[in-house]
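Chemist: kindly return the folded structure for what I paste below:
(chains A, B, C and D)
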Number of protein chains: 2
Amino acid sequence: MTVTNDESAQYLIRTVSKRSGVKSDLVRAWERRYQAVTPTRTSGGHRVYTDQDIARLKLLNQATSNGHSISQIAQFSLDDLKHLLKDETLSTSQSPNDLLPSTINKVHLAEDYSDKCYAAVLAFDAQKLESHFENAIVELGAESFIEHLLSPLLNKIGERWKTGELRPVHEHMTSSVIRSLTYILRNNNPCPENAPRMIVSTPIGQLHELGALLAAIMAELCGWQVTYLGANLPAEEIAAAVKYTNACALTLSISFATDDHIVAKELRRLKKLIGNNVSLIVGGRAAGHFQPVLNEVGVMKIQSYTHFKQLLNQLATEYYASDNKNQP
Amino acid sequence: MTVTNDESAQYLIRTVSKRSGVKSDLVRAWERRYQAVTPTRTSGGHRVYTDQDIARLKLLNQATSNGHSISQIAQFSLDDLKHLLKDETLSTSQSPNDLLPSTINKVHLAEDYSDKCYAAVLAFDAQKLESHFENAIVELGAESFIEHLLSPLLNKIGERWKTGELRPVHEHMTSSVIRSLTYILRNNNPCPENAPRMIVSTPIGQLHELGALLAAIMAELCGWQVTYLGANLPAEEIAAAVKYTNACALTLSISFATDDHIVAKELRRLKKLIGNNVSLIVGGRAAGHFQPVLNEVGVMKIQSYTHFKQLLNQLATEYYASDNKNQP
DNA sequence: CATTTTTTGTCAATGTTTTGTAAAGGTTTG
DNA sequence: CAAACCTTTACAAAACATTGACAAAAAATG
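Modeler: Residues are numbered from 1 along each chain as shown, chains lettered A, B, ... in the order given. Sure thing, here's the model as predicted:
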């Protein structure tokens, strides 16, 4: 099914007629006699319809040619109409479970989607995974999608990867799908021109990018202007990106605990390169493993989903405050 | 404060009219009556348009000739317009081609965009880069976009990287932007359920993914069901993905010439793991460097843009032929 | 079953709005 | 100075709206 959630799309009667299969005259008659649809009007009086109206007329058309009297069903809700037709075509159908998504329901719904997504990951079915994600974004909204679906899902993938149930390719495939999704998420809330800038990456040796992706998406949703660099970059490169973009924050994800000293060395170098005016944030499953270095370098460590969100908002506030001072 | 001097290129109405296909008079009428575009003015009062305006007008033109009333859609955002047209081309595939998309013009136009995109890469401006890409896709169409803009651009980036004008981060940033664009490109032509499947990646040690991305996009546009895995994967992982997805082809990009034997070893292992029924395709700037191994293993080497396209179509044809035999 | 009444899709007549195009006359640009 | 722009005003075809009517089909009634 297509993603037609907005009511931004509006149509005049001829388009509606073409799409629904109901002649213009009849559309007007149904409105006049039974208020089957109640379009708004232009200032000049022309009728303006929504996607929902079209869907409605389509169903009404089907129902009438199925023997129902228009006067009886004209005021039915979309759901009622669907049921009507379902019951006819399949006489005894499945359980009708599409009803109101309350806030409490959302968590449950997200879990539901999460299971489906994990199954798609396990089956290595990128198409299905993307499809589930798309639907989930529409149904849950970007906010809930990230908090209740994406975040737990990535955790689960991280765990299962350690137990061997998943292979590295699974993670790569998932990263790939999520990366292409950033396009939808970003376009849901365009950020202001003067938003604070952030670089997101993972240090050299850290090949897992799921955590970094999550961080990037979250930051974008919190109104940051994020430049995502992918995984496995040396300190010099990351620092260069910070310079180029004039970023005021840098977020790294560390999800794999190594015993060599690469991460520590990279962090120290990074700090030296970017200086004290750029906030250095580190998250990821294995961040705790490097606690001594984090303390030494002066890193903000992400404690949890909500903690990161608070951090983002706090830093943004500080940024706007100092920005106003410099810009009288 | 940073220099936020956007709108690098500006056009007068005649150019806009030619490129968008909307007559000058009409462009002005749309502006006067519905504020469809809001160009700036020269000191003398002439209208000055941006690339975005052109993309916008092009989409509006398409939408109106598709039955939408201009007054209703004039103020839609670029994204809304894209959705509008996407939903329509899915239901009614007949589209009477609009005016003058002469091939010669397109090449020139693509070069123009290519320069702008490269400038954005050099300036490390991900947002501008994405914006240019989006406009270019609208104006050129996916096909031309890839052939005349993306492909040359990536070559240029590869070259400049070697000379040191660009750093690795530039490439990472560009990859990131292109990856999120795959979403638009993919949704322009949904592939059939039973399309042949392909895995795209780069072997271990090969960190540059631009070539692989290009290959993935091209294959998708040729009707393949592509699973893109990103860069730097060991043979076992890639082979596992091939097994999981039941892919009939595997494309690798090799853009960096190394003197160690890793690539050779990986290729040999891969061939052993995937067997003879899966086509192994290799492309990339440095593919020639490993010619002996390619011959030994039996690899199809990509010679050029058009060669790869032919290869894709040929393999797809073979796939469908053998598929029909097995599935009577 | 025959006759009325109601429902429903379609049309016609007449007036208004929308929308692409164009002409007239002045200004800017190169 | 010519070509390209600008603004204003106008115009006509296409698309809409409203009202009212009509006949076939369906339902109700006797």
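
Chemist: quick check, the residue in chain A closest to DNA strand C?
Modeler: Proximity of chain A to DNA strand C (C-beta to the nearest atom of the strand) peaks at residue A:44, 1.9 Å away. (Each C-beta comes from the backbone N, C-alpha and C, glycine too.)

Chemist: dihedrals phi and psi, that residue?
Modeler: Per-residue torsions, residue A:44: phi -90, psi -10 (degrees, to the nearest 10).

Chemist: count the residues that sit near it.
Modeler: 6 (other C-beta atoms under 10 Å in any protein chain shown).

Chemist: which of the helices and strands in chain A ranks last by mean pLDDT?
Modeler: Every helix and strand of chain A was ranked by mean pLDDT, DSSP states H and E. The lowest is helix A:78-89, at a mean of 72.

Chemist: list the buried ones in stretch A:131-139?
Modeler: By neighbour count with 16 or more other C-beta atoms under 10 Å in any protein chain shown, stretch A:131-139 contains the buried residues A:132-133, A:136-137, A:139.

Chemist: ok, and what's touching it?
Modeler: For stretch A:131-139, contacts defined as C-beta atoms under 8 Å, 6 or more residues apart in numbering or on different chains pick out A:3, A:5, A:101, A:109-110, A:113, A:116-117, A:120, A:145, A:149, A:177-178, A:181, A:184-185.

Chemist: among these, name the ones in helices.
Modeler: A:109-110, A:113, A:116-117, A:120, A:177-178, A:181, A:184-185 (DSSP state H).

Chemist: show me the helices in chain A, by range?
Modeler: Using DSSP H, helices in chain A cover A:13-20, A:24-34, A:51-64, A:70-73, A:78-89, A:103-122, A:126-144, A:151-163, A:168-188, A:210-221, A:235-245, A:262-274, A:291-297, A:305-326.

Chemist: run the contact check for the third one versus DNA strand C.
Modeler: Going back to what we said before, that points to helix A:51-64. Yes: using C-beta under 7 Å from any atom of the strand, helix A:51-64 comes into contact with DNA strand C via residue A:64.

Chemist: what's the average pLDDT for that helix?
Modeler: Averaging pLDDT along helix A:51-64 yields 90.

Chemist: picking up where we left off before, which one of the helices of chain A is the most hemmed in?
Modeler: Highest mean neighbour count among the helices of chain A (mean count of other C-beta atoms under 10 Å in any protein chain shown): helix A:210-221, with a mean of 25.

Chemist: hmm, that one in reach of chain B?
Modeler: No: in terms of C-beta under 8 Å from any C-beta of the partner chain, no part of helix A:210-221 sits within range of chain B; the closest distance is 9.0 Å.

Chemist: which elements pack onto that helix?
Modeler: helix A:151-163, helix A:168-188, strand A:197-201, strand A:225-228, strand A:249-253, helix A:305-326 (3 or more C-beta pairs under 8 Å, 6 or more residues apart in numbering or on different chains; DSSP states H and E).

Chemist: okay if I get the ones you listed as TSV plus mean pLDDT?
Modeler: As requested, the helices and strands packed on helix A:210-221 are exported to TSV (pLDDT from 0 to 100):
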stretch	mean pLDDT
helix A:151-163	92
helix A:168-188	90
strand A:197-201	97
strand A:225-228	95
strand A:249-253	97
helix A:305-326	87
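
Chemist: indicate which one of these is closest to DNA strand D.
Modeler: Closest of those to DNA strand D is helix A:168-188, at 29.7 Å (criterion: C-beta to the nearest atom of the strand).

Chemist: now the closest one, how far from the centre of its chain.
Modeler: The chain centre lies 10 Å from the centre of helix A:168-188; the measure is C-alpha atoms, centre = their mean, to the nearest Å.

Chemist: so for residue A:290, which of the helices and strands packed on helix A:210-221 sits nearest?
Modeler: Of all the helices and strands packed on helix A:210-221, strand A:249-253 sits nearest to residue A:290, with 10.6 Å by C-beta to C-beta.

Chemist: just the CA trace of the closest one, in PDB.
Modeler: C-alpha atoms of strand A:249-253 as PDB (Å, rounded to 0.1, in the frame of the first residue of the first chain):
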ATOM      1  CA  ALA A 249      30.100  18.500  18.200                       C
ATOM      2  CA  LEU A 250      31.500  15.100  17.200                       C
ATOM      3  CA  THR A 251      29.900  11.800  18.000                       C
ATOM      4  CA  LEU A 252      31.700   8.500  17.800                       C
ATOM      5  CA  SER A 253      30.300   5.100  18.200                       C
END
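
Chemist: can it be said to contact chain B?
Modeler: No: residues of strand A:249-253 are not located near chain B by C-beta under 8 Å from any C-beta, the shortest gap being 12.5 Å.

Chemist: partners of that strand in the sheet?
Modeler: Strand pairing for strand A:249-253, using DSSP bridges, gives strand A:197-201 (parallel), strand A:279-283 (parallel).

Chemist: tell me the residues on the stretch 51-200 of chain A that lie near DNA strand D, please.
Modeler: With C-beta under 7 Å from any atom of the strand as the criterion, the stretch 51-200 of chain A meets DNA strand D at residues residue A:69.

Chemist: ok, the residue in the stretch 51-200 of chain A that chain B sits nearest to - contacts?
Modeler: Nearest residue of the stretch 51-200 of chain A to chain B, counting by C-beta to the nearest C-beta: residue A:124, 3.6 Å away. Neighbour list for residue A:124: A:169-170, A:173, B:227, B:241, B:244-245 [criterion: C-beta under 8 Å, 6+ apart].

Chemist: any chance of those in CSV, with distance to residue A:57 too?
Modeler: Formatted as CSV, those follow (distance: C-beta to C-beta, whole Å):
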residue, distance to residue A:57
A:169, 47
A:170, 45
A:173, 41
B:227, 40
B:241, 46
B:244, 44
B:245, 41
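
Chemist: just these now: which is nearest residue A:32?
Modeler: residue B:227 (53.8 Å).

Chemist: surely the closest one and residue B:199 touch.
Modeler: Yes: Residue B:227 is within contact range of residue B:199, at 5.4 Å (criterion: C-beta atoms under 8 Å).

Chemist: more neighbours, those two?
Modeler: Neighbours were counted for residue B:227 and for residue B:199 using other C-beta under 10 Å; residue B:199 has more, 29 against 25.

Chemist: how much space is there between that one and residue A:176?
Modeler: 11 Å (C-beta to C-beta, to the nearest Å).

Chemist: what do you get for residue A:232?
Modeler: The spacing between residue A:232 and residue A:176, counted by C-beta to C-beta, is 15 Å.

Chemist: farthest pair in the contacts of stretch A:131-139?
Modeler: A:101 and A:177 (23.8 Å).

Chemist: quick check: beta-bridge partners of the spatially closest residue to residue A:127 that is not a sequence neighbour?
Modeler: Leaving aside its sequence neighbours, residue A:127 sits nearest to residue B:225 (C-beta to C-beta, 6 or more residues apart in numbering or on different chains; 6.9 Å). Under DSSP bridges, the beta-bridge partners of residue B:225 are residue B:197.

Chemist: hang on, residue A:262 packs against residue A:204?
Modeler: Yes: using C-beta under 8 Å, residue A:262 is in contact with residue A:204, at 6.4 Å.

Chemist: where does the stretch 1-150 of chain A have low pLDDT?
Modeler: The stretch 1-150 of chain A contains residues with pLDDT under 70 at A:1-9, A:86-104.

Chemist: just to revisit the earlier point, any residues in contact with both of residue B:227 and residue B:199?
Modeler: Common contact partners of residue B:227 and residue B:199 (C-beta under 8 Å, 6+ apart): B:241, B:245, B:247.

Chemist: and the last one, what is it in contact with?
Modeler: Contacts were defined as C-beta under 8 Å, 6+ apart; by that measure residue B:247 touches B:197-199, B:227, B:241, B:278.

Chemist: circling back to that earlier point, shared neighbours, residue B:199 and residue A:176?
Modeler: B:227, B:229.

Chemist: domain ranges for chain A?
Modeler: Listed by automatic domain parsing, the domain ranges of chain A are A:10-89, A:100-188, A:193-328.

Chemist: would you reformat these as TSV and include distance to residue B:287?
Modeler: Output for these, formatted as TSV (distance: least, C-beta to C-beta, whole Å):
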stretch	distance to residue B:287
domain A:10-89	49
domain A:100-188	22
domain A:193-328	23
